[in-house]
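Asks: When you get a sec, could you give me coordinates for this:
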Amino acid sequence: MLNESLLEESLAVLGESLADRGMAFEIAAVGGGSLLLLGLISRPTADLDIVAFLEAGHYVKPAVLPAELADAVQATARVMGIREDWINVGPAALLDFGLPDGFAKRTVERRYGGLVVQLAGRRDQVFLKLFAAVDHGPSSKHFQDLVELSATSDELLDAARWTMTHDTSPGFRSELINALAGLGVEDADRYL
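Replies: Numbering: from 1, shown residues only. As a prediction, the model looks like this:
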């Protein structure tokens, strides 16, 4: 598992390795790893999730890590003694339906040599974590992250409206209302 210090150090090693190879990548990251880097949660995480690559100022959905980046990520894993998939494109499907409006304006940039990481801002993390919490349930890390983020009722309702653009099924809506109730938002169905 990666704590904040180990994740920062691993990114620094990766960025230096990329720079030494004459390569540069810019990524947008979400999830537990980015929350940890922002100091918004304290729990360790398994990885850093890439939602997009930035190319000419535009978000591009990654199917897989480019070979050069994958090689550098794996080499860094061996040096740091961490799992080889410590950086992955697991949540990239979120781009299919779109990120929350204004996502790019709220990112926090971190530079590590040949690697630039745009960390999703707190508000966007609330949106993305609510979507994941509905899918994974109230005992999930995503639900606990929302509790630690101290998301307000207004933030959660805004997030709920966004999640419903990604899953329009009645079953999802029902689970969403249950999740919101578990987070202290009563009568959410009146607002959705």
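
Asks: which stretches of the protein form helices?
Replies: 4-20, 32-37, 67-80, 122-136, 141-149, 153-166, 170-182 (DSSP state H).

Asks: list the helices and strands the second one packs on?
Replies: Helices and strands touching helix 32-37, by 3 or more C-beta pairs under 8 Å, 6 or more residues apart in numbering; DSSP states H and E, are helix 4-20, strand 48-55, strand 115-119, helix 141-149. Yep, even glycine has a C-beta here, placed from its N, CA and C like the rest.

Asks: partners of the residue nearest to G90 when sequence neighbours are not counted in the sheet?
Replies: The shortest distance from G90 to any non-neighbouring residue, by C-beta to C-beta, 6 or more residues apart in numbering, is to D49 (5.2 Å). Beta bridges link D49 to V30, N88, judged by DSSP bridges.

Asks: what's the domain layout of the protein?
Replies: 4-120, 123-185 (automatic domain parsing).

Asks: ok so, going back, just put the helices and strands packed on helix 32-37 in TSV and tack on distance to G81 and mean pLDDT.
Replies: What follows is these, written out as TSV (distance: least, C-beta to C-beta, whole Å; pLDDT from 0 to 100):
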stretch	distance to G81	mean pLDDT
helix 4-20	9	98
strand 48-55	16	96
strand 115-119	20	98
helix 141-149	23	95
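
Asks: Using JSON lines, lay out those together with mean neighbour count and distance to L94.
Replies: Shown next, in JSON lines, are those (neighbours: other C-beta atoms under 10 Å; distance: least, C-beta to C-beta, whole Å):
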{"stretch": "helix 4-20", "mean neighbour count": "18", "distance to L94": "21"}
{"stretch": "strand 48-55", "mean neighbour count": "21", "distance to L94": "6"}
{"stretch": "strand 115-119", "mean neighbour count": "22", "distance to L94": "14"}
{"stretch": "helix 141-149", "mean neighbour count": "19", "distance to L94": "13"}
